[in-house]
Structure formats: C-alpha cells, structure tokens
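Engineer: quick one, fold the following:
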Amino acid sequence: MDLLKVITTNLVVTDEQARAGIGAIFKAVKTNLPVEDFEKFAFFIPGIEDFIESAPEGSGVGSIISDFISSSDSNMGAFADLVGIFLKLDMDTTMIGKFASLIVSYLQSRGGEEVISYLEKIIK
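Structural biologist: Coordinates of the predicted model:
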C-alpha cells in the first residue's frame, strides 16, 4: 500500500489533506537534515518531492520562533510551521502525531532501521 493510501485509510482526511500533511512533515525533515542525508532518506519514499511541493507554505511563525529561541534550534521552528500548516488544512494539531506515527510505521516497513536513523538525527 502506498503512503497516501495508508494515511487516508487510517485517518478521516481527504486526499488533499493527506498529501499536504505528508508533504509538510517531509518538508520539515528536508529542512533539518543535511542534503546528503536527505537524499539517502528520500530514496525510500517514491514521490517525496511531489509530497513536499503539495504542502502549503507555513505561517512564518516557525522561523520567528526559531530566531527567538536560538539560531541553532530549527526543530522548534519546523514544528511551529507544521502546526501552522495543519491548521491551514483544517486539521487540529493532534493530527501531526497521528500522521507522524503512520509515516514512521510505513518507513520502517520500507527501509527498516536505516531510514529511521535519519529521523532520529532530527529528534536529537
């Protein structure tokens, strides 16, 4: 089953919300991983750039928060952008965790520990 189908089957969302929500999460991954690591990560997700392109722009709040907290902590800014994007898509913030959980399960089934190791770099 493809990732879009995994999301729409398990959550009550439209295809557009699913595609944009997946894209927003992958955009955060792309923003926070070194280019070489993102290229290796992207290998496991067919059409990842299409997902990223379908994500609406963030509210800009993320970059403001990042600048305020510290110039080196882009994770907080990326999360704030995710919140803004999910709200724009008429989904509440609890959906971020639901999407993330399904995406991680999907990625584990496709790339195992290697693909998850790239996500762990962002969390740390």
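
Engineer: what are the contacting residues of stretch 116-124?
Structural biologist: For stretch 116-124, the surrounding residues in contact (Cβ atoms under 8 Å, 6 or more residues apart in numbering) are 28-29, 32-33, 37-38, 40-41, 75, 104, 107-108. Heads up, the C-betas are built off the backbone N, CA and C, glycines and all.

Engineer: lowest mean pLDDT among the helices and strands, pick that one out for the chain.
Structural biologist: helix 61-69 (a mean of 44; mean pLDDT, DSSP states H and E).

Engineer: one step back: which of the contacts of stretch 116-124 are buried, as a PyMOL select command?
Structural biologist: The following PyMOL line selects those of the contacts of stretch 116-124 that are buried, judged by 16 or more other Cβ atoms under 10 Å:
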select buried, resi 28+29+32+33+37+38+40+41+75+107
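
Engineer: of the contacts of stretch 116-124, which pair is most distant in space?
Structural biologist: In the contacts of stretch 116-124, two members sit farther apart than any others by Cβ to Cβ. They are Asn75 and Gln108, at 21.3 Å.

Engineer: in contact with the most centrally placed residue in the chain, which residues?
Structural biologist: The chain has Ile25 as the residue nearest its centroid, 0.9 Å off, counting by Cα atoms, centre = their mean. By Cβ under 8 Å, 6+ apart, the residues touching Ile25 are 82, 96, 99-100, 103.

Engineer: where does the protein have low pLDDT?
Structural biologist: Segments of the chain classed as low confidence (criterion: pLDDT under 70) are 58-78, 123-124.

Engineer: that's all I had, so thanks and see you.
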